[in-house]
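Enquirer: Below is the sequence, then the predicted model.
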2 protein chains.
Amino acid sequence: MKDKPTHQPSEPTADAMPLCGRQGARTRLADRGANLANLRMTPTQSLAQFADIVAMTAGRAHVNMSLSTAFGCPFEGEVPDAVVLDLLERFEQIGVRRVTLCDTTGMVNPAQVKRLCHEVKTAWPELTLTLHFHDTRSMGLANARAALEAGVDCFDASLGGLGDCPFAPGASGNVCTEDLVHMFEAMGYDTGVDLDSMLTLSRRLPEIVGHEVPGQVAKAGPWTRRYPAPESVGEQAAAYRLAGSCGGTVESNATGQGSA
Amino acid sequence: MKDKPTHQPSEPTADAMPLCGRQGARTRLADRGANLANLRMTPTQSLAQFADIVAMTAGRAHVNMSLSTAFGCPFEGEVPDAVVLDLLERFEQIGVRRVTLCDTTGMVNPAQVKRLCHEVKTAWPELTLTLHFHDTRSMGLANARAALEAGVDCFDASLGGLGDCPFAPGASGNVCTEDLVHMFEAMGYDTGVDLDSMLTLSRRLPEIVGHEVPGQVAKAGPWTRRYPAPESVGEQAAAYRLAGSCGGTVESNATGQGSA
């Protein structure tokens, strides 16, 4: 187990290349410590292998490059923005037009997300940029919103917030898909995702995987969920409405009705 | 139980008034449905009682007015900004200079938070404004950051994320204090809070309350936590360093060293 890479790197053979579909070959290239742990290669070794893969696709498939631990490494600490920007420049040189920046162990904060995403979007406005967050330290949705503010509109996520990583100590699952969709929809964005169907699926997860999952909207319901008012409130509210107030605005008369 | 108010409203007697301390009398005034459920009074009745309380303090204590379900009510739905702004105007007229806007059942999203906080801060720049979030739908920290962006720097929170509300179906505890502090510190703010001590306390909570608590930083450790690299990585990294690369920057040579 110790000597087995967690993520088997894509072999640079033509057989490994899907020739159709929206997104094709995908491997990982991370900061040094995590890259060695995950793939048993240095980032440069990964990059050289990836250049072969990109060349082999010859434009027949979209290639997305995922940068693990792009914001911080649990072994080596903070990853300076300059490291990421330098790697993205190399990606461009080998023909990569799609990149995912991964906060593999949930170390990043919204200020860092917004800063780096802004730098990347400014330098490569045509790049298809995806962000990949984990909710390890409760900042998952705050980070997603920070990325959105910087113009990012592609996100990795997992139903119910399932998942972890054996080489990322303390890592929790990806940010929860339905919680992410719910936030964006509540903010007025059209995600194109059927949230209700997603919630139905998510509610089946605990039975399937045999344990609770982190997603919260599946438990609480979306913010649009309404509850019947307690009976006593109904009586008071009725009297109160008769007294001349209307829903949605603050009443302007203290009438003293009800049992308070 | 049904006829008993959850939050016993403060009696407007001089005995109920603390005469020292930074913050004194505190009651709640909410949207109509939740106010009736919680206090068995209409908001206007609460306001009239509160005016008596404020008058009684005669400047001897700071009075903070908490607006429950200020962003949405689980019985009646969305609370328009105009309702909140109208109430704040009335608060000002009776001499209230400190207000807490509460998202009692975790319905609000970051866009709504930022918009309303900006409106309030613009209209009453001298008001001491506190925000009170619940993490019911995973948006707690995203909402806190949105409030911060609008200039809010006071937050209600609870250690470990403890708490709920019997009259707010689906409500979880307040946003977790140490997770909130951790995010702001990671973003570069000096909160003045000793995070390490707070984490030590929080880690004792499950034993004290007899169940897990939602806070995540107490489980994962702060983002500054480092782990020893797996042994195999250490060997490869050593070889890799000998080959001329340096920490914190991307290596510029593919040397093929290591066991990849």
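Expert: It's in.
Enquirer: Quick one: name the residues of the stretch 51-200 of chain A near chain B.
Expert: A:72, A:74-77, A:80, A:82-83, A:86-87, A:106-112, A:135-142, A:144-146, A:167, A:169-170, A:172, A:176, A:179, A:182-183, A:186-188 (C-beta under 8 Å from any C-beta of the partner chain). For glycine as for every other residue, the C-beta is placed from the backbone atoms N, C-alpha and C.
Enquirer: Now restrict those residues to buried residues only.
Expert: For those, a burial check counting by 16 or more other C-beta atoms under 10 Å in any protein chain shown picks out A:72, A:74-77, A:83, A:87, A:106-112, A:135-142, A:144-146, A:167, A:169-170, A:172, A:176, A:179, A:182-183, A:186-187.
Enquirer: Keep only those of the residues of the stretch 51-200 of chain A next to chain B that are in helices.
Expert: A:82-83, A:86-87, A:110-112, A:140-142, A:144-146, A:179, A:182-183, A:186 (DSSP state H).
Enquirer: wait, residue A:79 sits on residue A:68?
Expert: No - under the criterion of C-beta atoms under 8 Å, residue A:79 makes no contact with residue A:68, lying 10.1 Å away.
Enquirer: from what I can see, residue A:126 looks like it's in a strand, true?
Expert: No - Residue A:126 is assigned coil when assessed by DSSP: H, G, I helix; E, B strand; the rest coil, not a strand.
Enquirer: Wait, residue A:195 touches residue A:183, no?
Expert: No - with contact defined as C-beta under 8 Å, residue A:195 does not count as touching residue A:183 (10.6 Å).
Enquirer: Show me which positions of stretch A:185-194 end up buried.
Expert: A:185, A:186, A:187.
Enquirer: With stretch A:201-209 instead?
Expert: Buried residues in stretch A:201-209 (16+ other C-beta under 10 Å): A:202, A:205.
Enquirer: Who are the contact partners of residue A:159?
Expert: A:176, A:177, A:178, A:198, A:201, A:202, A:205, A:215 (C-beta atoms under 8 Å, 6 or more residues apart in numbering or on different chains).
Enquirer: neighbours around the second one, how many?
Expert: In terms of burial, residue A:177 registers 23 neighbours under the definition other C-beta atoms under 10 Å in any protein chain shown.
Enquirer: now swap in the third one and tell me
Expert: When neighbours are defined as other C-beta under 10 Å, residue A:178 has 29 of them.
Enquirer: So for it, what pLDDT did the model give?
Expert: At residue A:178, the pLDDT value in this model is 98.
Enquirer: What of the fifth one?
Expert: You'll see residue A:201 listed with a pLDDT of 97.
Enquirer: list the contacts for it?
Expert: Contacts of residue A:201 by C-beta under 8 Å, 6+ apart are residue A:159.
Enquirer: List the buried residues in the helix or strand harbouring it.
Expert: Element membership for residue A:201 (DSSP states H and E) is helix A:195-202. For helix A:195-202, a neighbour-count test (16+ other C-beta under 10 Å) marks A:195, A:198, A:199, A:202 as buried.
Enquirer: cool, stretch A:218-229 as well?
Expert: A:218, A:219, A:220, A:221, A:222, A:223, A:227, A:229.
Enquirer: Check whether it comes into contact with chain B.
Expert: Yes - with C-beta under 8 Å from any C-beta as the criterion, chain B is reached by stretch A:218-229 at A:219, A:220, A:221, A:222, A:223, A:224, A:225, A:226, A:227, A:228, A:229.
Enquirer: So what's the residue count around residue A:126?
Expert: For residue A:126, the count of nearby residues is 8 (other C-beta under 10 Å).
Enquirer: gap between the nearest residue in space to it that is not next to it in sequence and chain B?
Expert: Excluding the flanking residues, the one nearest residue A:126 by C-beta to C-beta, 6 or more residues apart in numbering or on different chains is residue A:97, at 7.3 Å. Residue A:97 sits 20 Å away from chain B, taking C-beta to the nearest C-beta, to the nearest Å as the criterion.
Enquirer: how about residue A:97, what does it touch?
Expert: If you count contacts by C-beta under 8 Å, 6+ apart, then residue A:97 has A:62, A:63, A:126, A:127, A:128 around it.
Enquirer: Just give me the closest of those residues to chain B.
Expert: Among the contacts of residue A:97, residue A:127 lies closest to chain B (C-beta to the nearest C-beta), at 18.1 Å.
Enquirer: Show the low-confidence segments of the stretch 51-200 of chain A, by residue range.
Expert: A:165-171 (pLDDT under 70).
Enquirer: What segments of it are strands?
Expert: A:64-67, A:72-73, A:77-78, A:98-102, A:128-132, A:154-156 (DSSP state E, counting those that start in this stretch).
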